[in-house]
Each structure stands twice: as C-alpha cells, then as structure tokens.
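1. sequence unknown, structure follows:
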C-alpha cells in the first residue's frame, strides 16, 4: 500500500472565480489596503512626533495602528496579488509567516499603567495565537490541498488535514470563539457604562459623546460580529466564511484611522503641525 505523501503547498481558491468580480475586488481591496497603510502610518508618525504621545489615549492609539498594519499586512497583500492572476498557492512554510472621568484620566492612566496595558495586549495576542499555531503545525497534510478561502484560516486548514481534527476544532472554538465573545462583552459593557454616565452631562456633551461612541461601536460590531460567527460555533466551514472574514481582516482595520483622526480635533491639529513643520523644514533645507 502506498504511503501518504506530504504536501508542500496549499491552493487558495480565493473569493471568486469570476474575472469581473476579481477585478472589482482587486481595485476595492487595493484601495482599502493603501488607505489603511497611509492612515495608520500618518497616525503613528503624527503621534510619535508630537506631545500627544505622552497622553494615554494616543499612546494606545499608536499601538493600535501598529497592530492593524502588522495584522492586515499578513493577509491582504497576498489576497491582492492573487486577484490579479498571481499564483494562488501558499507554501507550507509560509503559513508561519475617557469619557466617564475625563479630569482624572491622566492621573489614573500613568505611564506605568499604560505600558502594562500595552504589554498585556501584545502578550495576550501571543498567548491566544500560539496554541493554535502549535496545533496547526503538528497536523499532517497528505491529501487534497485546495483551501476554499483567501488565506490559511484555521477551520479551512483543519478541513484538508488527513486526520481526525474534531478535538482540535473544539479547542479552537474554546480559544478563538471565547476570546472574541469575552472581548466583545467587555467592550459592550464598557460602552453601556459610558452611555449611562452621559445622563449627567449637558445636551451638547451627550451629543458629542454619542457621536464618538457610535462610530467606535460600529467598528467593534464590524470586527467582532463576523469573528464570533466564524469561530464560536461547531468546528465546520461554510462558503460564506471568507466574505465574513473580510470584515475583520480588512474593513474594520481600515476604519480605525478614519475614526480616530477625522473625528478627533487634537489628532487633526497634531497631524497638521507635524506635517506642516516637516514640509517647511524640507523647503528651508532646499
């Protein structure tokens, strides 16, 4: 009997085989990715080169921008290249590849607390992803190598493994699904507390806070809604999964720089000062 062969690459079926849809998606996601990169880099540079970096909210925002760039760049460039007729394959080795108490905020969120929270966020992300990475790296792949997705998501990957992956799938649900659900609940409760606290503010203050919270909640739902749908369910795959994945891999991260810059006066002033000074210095040097 012939022994099973180990496959060296996976074939990504992508979003669609229709050429017109591929061209449309290429233009759309290229625009989204460029907007995401430009927006987040503007935020990073503007915050780092201005006094806002010493304020807790903008310190966290700079790390959010960094996370968005890293997270999206691990998926989107490959998707864009595949949509323009690139090789829709991926080798086995490349898989590794302050509203409630505004006056007390600066006092409560000192530099040490900010650093600890940022460290906890990065460490939490590593602790969340490492078990899944460990499980995926040990799976044998010796049969079909077509993945009905545009990146090696965990459930489509389990589907092509040539072993019983039910237990692994349950562990993924317990990991990713529960992390997404708990994070969403914590965020939801915190926004409810913020909204309840607005009863004691003026009508103008309530309107401004509701406008800000509304945009934040929209991004939270865009990110965590599809994430919960994708991971908090019995370990299986649906054709619609790759469409839902677009929301938490591209669309929600793209909205972050728009929300935190265009709707923030301090951020717009800091960007104007930093980039105007840079241009002035370049002209003076020339």
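-> The structure has been received and is ready for your questions. Note that the structure is predicted; figures quoted are calculated from it, not measured. Residues are numbered from 1 along each chain as shown.
2. C-alpha only now, for contacts and for neighbours.
-> Noted.
3. tell me how many other residues surround residue 208.
-> 12 (other CA atoms under 10 Å).
4. could you check how far it is from residue 195?
-> Using CA to CA, to the nearest Å, residue 208 is found at 12 Å from residue 195.
5. and the strands in the chain, which stretches?
-> 9-12, 89-91, 146-147 (DSSP state E).
6. and residue 2, what pLDDT?
-> Listed pLDDT for residue 2 reads 43.
7. actually, residue 100.
-> Reported pLDDT for residue 100: 54.
8. circling back: same list (the strands of the chain) but as TSV, adding distance to residue 181.
-> Converted to TSV, the strands of the chain look like this (distance: least, CA to CA, whole Å):
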stretch	distance to residue 181
strand 9-12	28
strand 89-91	30
strand 146-147	26
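9. could you tell me the least trusted of these?
-> strand 89-91 (a mean of 74).
10. and it, what's buried?
-> 89-90 (16 or more other CA atoms under 10 Å).
11. which strands border it, and is each parallel or antiparallel?
-> Strand pairing for strand 89-91, using DSSP bridges, gives strand 9-12 (antiparallel).
12. between the strands of the chain, which one is nearest to residue 237?
-> Nearest of these to residue 237, taken as CA to CA: strand 146-147 at 10.7 Å.
13. before we move on, back to that, looking at the strands of the chain, which is nearest to residue 38?
-> Using CA to CA, the strands of the chain put strand 89-91 closest to residue 38, at 26.9 Å.
14. residue 204: neighbouring residues, count only.
-> Neighbour count of residue 204, defined by other CA under 10 Å: 9.
15. show me where this structure has helices.
-> 19-48, 56-73, 76-83, 105-108, 111-137, 154-159, 166-172, 178-197, 203-231, 241-246, 252-262, 265-285 (DSSP state H).
16. what does the second one contact?
-> With CA atoms under 8 Å, 6 or more residues apart in numbering as the contact definition, helix 56-73 has outside contacts at 36-37, 40-41, 43-44, 47-48, 52-53, 98, 106, 109-111, 114, 118, 249-250, 253, 256-257.
17. return the helix or strand in the chain with minimum mean pLDDT.
-> When the helices and strands of the chain are scored by mean pLDDT, DSSP states H and E, helix 105-108 comes last with a mean of 58.
18. any idea how far residue 152 is from residue 135?
-> In terms of CA to CA, residue 152 sits 14 Å off from residue 135.
19. dump the residue contacts of the closest residue to residue 30 other than its chain neighbours.
-> Spatial nearest neighbour of residue 30, chain neighbours left out: residue 80 (6.5 Å); criterion: CA to CA, 6 or more residues apart in numbering. Neighbour list for residue 80: 26, 29-30 [criterion: CA under 8 Å, 6+ apart].
20. could you give the mean pLDDT of stretch 205-219?
-> For stretch 205-219, the per-residue pLDDT averages 77.
21. thought residue 139 was touching residue 161?
-> Yes: using CA atoms under 8 Å, residue 139 is in contact with residue 161, at 6.3 Å.
22. tell me, how many residues neighbour residue 59?
-> Residue 59 has 19 nearby residues by other CA under 10 Å.
23. pLDDT weak spots in the protein?
-> 1-6, 86-87, 92-110, 262-264, 278-286 (pLDDT under 70).
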